[in-house]
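Novice: how does the following fold in three dimensions:
(chains A and B)
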Amino acid sequence: MNILVVDDSRTMRDLVGRELRNGGYDVETAEDGVDALEKIKGFSPAVIITDLNMPRMNGLELTQVLRAQDETKFVPIIFLTTESGDELRRAAREAGATGWIVKPFEGPKLLAAVRRVSS
Amino acid sequence: MSKAEFTDDMDAIRQIFFDECDEQLALLEEELTILGEEPEDGEKINTIFRCVHSIKGGAAAFGMEELVKFSHLFESVLDLFRSGALPVSTESIATFLKCKDALFDIVAAFKNEGAACEVAPETVVELERYLHSGKGEPEPPIENIEMDDIFGMAFAPVKIEIEAPIDQQFLISLRVTTEFYECGDDVRNILLALRELGTLQVEVDTDVVPLIGDISPERSYLTWKLVLETQKSRGDVEEIFEWSGEDLQATVTLVAENIEDVPASLPVVVEEKRDIQIKKSPERKDSATVRVDIQRIDKLVDLIGELVINQGAIQSQMRRNKVHGDSVLGNVVTAQEQLIHELQENVITMRAYPIKTVFQKLGRVVRETARLTGKQVRLVLEGEDTEVDRSILEKLSDPLTHMVRNAIDHGIESPQIRSHAGKEPEGLLRLRAFQRSGRIIVEIQDDGAGLDPDRIYEKAVEKKIIERGQKLDREEIYSLIFEPGFSTVAEVTDVSGRGVGMDVVKQSLQQINGRIFINSAKGKGTTFSISLPFTLSVIEGIIFKAEGQDFVIPVNNVLETIIFDAKKAFHVGEGKYGYPYRDGYLSVIYASDIIGTSSGGINQKICFVIENENEEKLAFIVDKIIDHSRFVVKNLEDNYRKIACFSTATILGDGNVAFILDVEFLFGEVLKKREGSLEERV
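Specialist: Presented below is the predicted three-dimensional model:
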């Protein structure tokens, strides 16, 4: 199963990617929303994990774009972010986020979250 | 995977983290040195924020506590500048540079494996001072912020089970909204996650699913009833629903604590709700309600429509048989007409919904848009209980959504600009609904920058909507924003863009006989007022005859009725005629032209001066006026097919069908075709 990880920090991309690959998933990474939209073409992720604050296009904007496109309308999107405020969660939900995990993440929790949205 | 690979792998990522820290710190320094040149640039301060945030995220993953603590403090202060709560000054830039150096030292310390590093206490004090002045309240000292607080993870005390875990049985009722699916989730995901906790029985309640023709693709009808046997706690069960927030209604009830005790049949449970949804069907305060299937009311509206037609038939028979209106029979029939009229009005109100259902959705749009545009908006709703016919309400949601987005995106200024202009940083958006002379008025009012007539004029010239030099009054200039092509892709923002312009808003409002008015004062704000009919099922109209057939024209489009004097009509051009009216002249449209059969218009004696939403007028020439009455509208598209010029029809007292004239079509298609611009439009 394909998973796209979107984060502007290479450290985070590597850490998350490593966890998911160990969990048996195929992982592609993107640096921000704009890059993600490019990478999605041809990769067709089953789940997208994204950071919130990124340059060029942030996680909220990315989610809105994805929800507006037919191909990605129903793809589960998990926010992985250090921001834990209720307001941001609400905003993410309104934009169309399926779920969220607060950084720093624990491997098993991340994998459980992916399972939760992709059964 | 072996342990050795594991550490290698992590070490490599740790090295990447340090490399990235160096990159981020270099970027931070670069941005900070040029921040002084453009302190107002929001994107600069956001980039700076992101550098620090990124370092914090990585540091947390590697458990570098000192680094997390300091970057968190720095980030909190930067957030105040980012949100505009504090202005960037040379003094604050100096502090930021000090913090950047401190970050550099801490990172270096971790790189060198645990070399001790202390942040200069005066830097911390400086940062805390900003926190105080920005938030207006003392911030807890940094020493007291635990790691857990920073990540928003609270570790609840763990209760150690000594006894063997007990099997419990929960009865769970699940209901989801459409938004649940729109967020990429599925009930199946929930069911499978629950199944991981124990054994699950699933039952779907399909009682509220309507007949296939009435199913709305936008709604979710099913309710799931689940019985879960698990050793896990209620908290574990409820955690699965947590993400879905208000989009999922779940009622979790503990039915049995020890499985063996389960009674043969499940007890009736008084549901303890984790209910968050308020979306109930409209309620009237202080009075009992009965839920009735909407179809039954629609049927009732139809039947009353038939009754009105029958009433018309009786009256036309009376006229034919010369029964005087003052006779006993005449009085009874008139009284009956009045009763039917009241009955009709009452039944139509039964089908009305409070506008609240639309307004509530807009709350969400407002929050989302405000967030995306970085504006602060306070939403005030008034007259939420104003009732509107369902047919109108359904078509109101999209245009209102667009207008609200527009008001925030283009109307309300950013907090900084507002503060400069001496306004509250928080913009006000007021949505108001009320009834006025039989119509529903919905107002969207913002206290933003207001429309700038000069800019609109310039833009309209640029887009070739008008020609330079054309004289327009303020209202005419405002209405240019409704012209197709006024807002184009080039300047579409990701908020109010999406290829929909105000022209589409206007068109969709016209479909429900809505009119839109603009009131604006530069610097003070803009008010859009939408005037809507209460219902689309009944119109007041005039029956006229043309070419031997009966037609109906909606009375609110008729400004005046005058006797047509064919001699005064003058030829303007190919098939074009003018007719003098007051100080000017009107374009003439002969009813025979649009009906198709032409008798040359010799019988045409009556001129309707008709007016559309834009206060454009034209002369519409017909044979004669028959009557003035209320008509039950039948949709032609549903019952027959779409015919240009006539979108709807009605049945007259004599049983004949009369088409209802689509006035906008006359102005749009017919006039434009005359001007030879139809080809361009197609």
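Novice: shouldn't A:Glu28 be within a strand?
Specialist: Yes - per DSSP: H, G, I helix; E, B strand; the rest coil, A:Glu28 lies within a strand segment.
Novice: can you pull the contacts of it?
Specialist: Going by CB atoms under 8 Å, 6 or more residues apart in numbering or on different chains, A:Glu28 touches A:2-5, A:39, A:43, A:45. C-betas here are computed from N, CA, C, even on glycine.
Novice: just these: which are in strands?
Specialist: A:2-5 (DSSP state E).
Novice: just the buried ones from these?
Specialist: For the ones in strands among the contacts of A:Glu28, a burial check counting by 16 or more other CB atoms under 10 Å in any protein chain shown picks out A:3-5.
Novice: adding distance to B:Leu131, write those out as a markdown table.
Specialist: Shown next, in a markdown table, are these (distance: CB to CB, whole Å):
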| residue | distance to B:Leu131 |
| --- | --- |
| A:Ile3 | 38 |
| A:Leu4 | 37 |
| A:Val5 | 33 |
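Novice: and those residues, which is closest to B:Trp243?
Specialist: Distance to B:Trp243, by CB to CB, is smallest for A:Ile3 among these, at 17.5 Å.
Novice: so which residues of chain A form helices?
Specialist: Assigned by DSSP state H, chain A shows helices spanning A:10-22, A:33-40, A:59-68, A:86-95, A:107-118.
Novice: need the residues that contact the shortest one.
Specialist: Outside of helix A:33-40, the residues within contact range by CB under 8 Å, 6+ apart are A:4, A:6, A:28-30, A:48, A:50, A:54, A:56-59, A:61-62, A:65-66, A:71-72.
Novice: and the pLDDT for A:Ile40?
Specialist: Per-residue pLDDT puts A:Ile40 at 90.
Novice: then A:Thr63?
Specialist: The model reports A:Thr63 with a pLDDT of 91.
Novice: what does B:Asp149 give?
Specialist: B:Asp149 is assigned 39 on the pLDDT scale.
Novice: list the beta-bridge partners for B:Tyr585.
Specialist: B:Tyr585 has these beta-bridge partners by DSSP bridges: B:Pro580.
Novice: quick one: residues contacting it.
Specialist: B:570, B:578-579.
Novice: ok, now B:Ser414?
Specialist: Contacts of B:Ser414 by CB under 8 Å, 6+ apart are B:42, B:84, B:373-375.
Novice: against chain A, how distant is the closest residue to B:Val632 other than its chain neighbours?
Specialist: For B:Val632, ignoring the flanking residues on the chain, the nearest one in space by CB to CB, 6 or more residues apart in numbering or on different chains is B:Gly305 at 3.5 Å. To chain A, B:Gly305 is 40 Å away according to CB to the nearest CB, to the nearest Å.
Novice: what does B:Met10 give?
Specialist: 8 Å.
Novice: how many neighbours does that residue have?
Specialist: Neighbourhood size, B:Met10 [other CB atoms under 10 Å in any protein chain shown]: 15.
Novice: relative to chain A, how far out is the residue most central in space within chain B?
Specialist: By CA atoms, centre = their mean, chain B has its centre lying nearest to B:Thr401, at 2.7 Å. In this view, B:Thr401 and chain A are 13 Å apart by CB to the nearest CB.
Novice: B:Asp185 now?
Specialist: For B:Asp185, the distance to chain A equals 5 Å [CB to the nearest CB].
Novice: what's near enough to touch that residue?
Specialist: Counted by CB under 8 Å, 6+ apart, B:Asp185 has contacts A:76, A:98-99, A:117, B:243-244, B:247.
Novice: dump these into TSV; add neighbour count, distance to B:His628 and pLDDT as well.
Specialist: Listed next are the contacts of B:Asp185 as TSV, based on neighbours: other CB atoms under 10 Å in any protein chain shown; distance: CB to CB, whole Å; pLDDT from 0 to 100:
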residue	neighbour count	distance to B:His628	pLDDT
A:Pro76	23	60	91
A:Thr98	28	58	89
A:Gly99	25	61	87
A:Val117	23	62	87
B:Trp243	24	60	81
B:Ser244	22	55	80
B:Asp247	21	51	83
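Novice: so where is chain A shaky, pLDDT-wise?
Specialist: Within chain A, the set of residues satisfying pLDDT under 70 comprises A:84, A:119.
Novice: so which of the contacts of B:Tyr585 wins on neighbours?
Specialist: The most crowded member of those, judged by other CB under 10 Å, is B:Tyr579 (20 neighbours).
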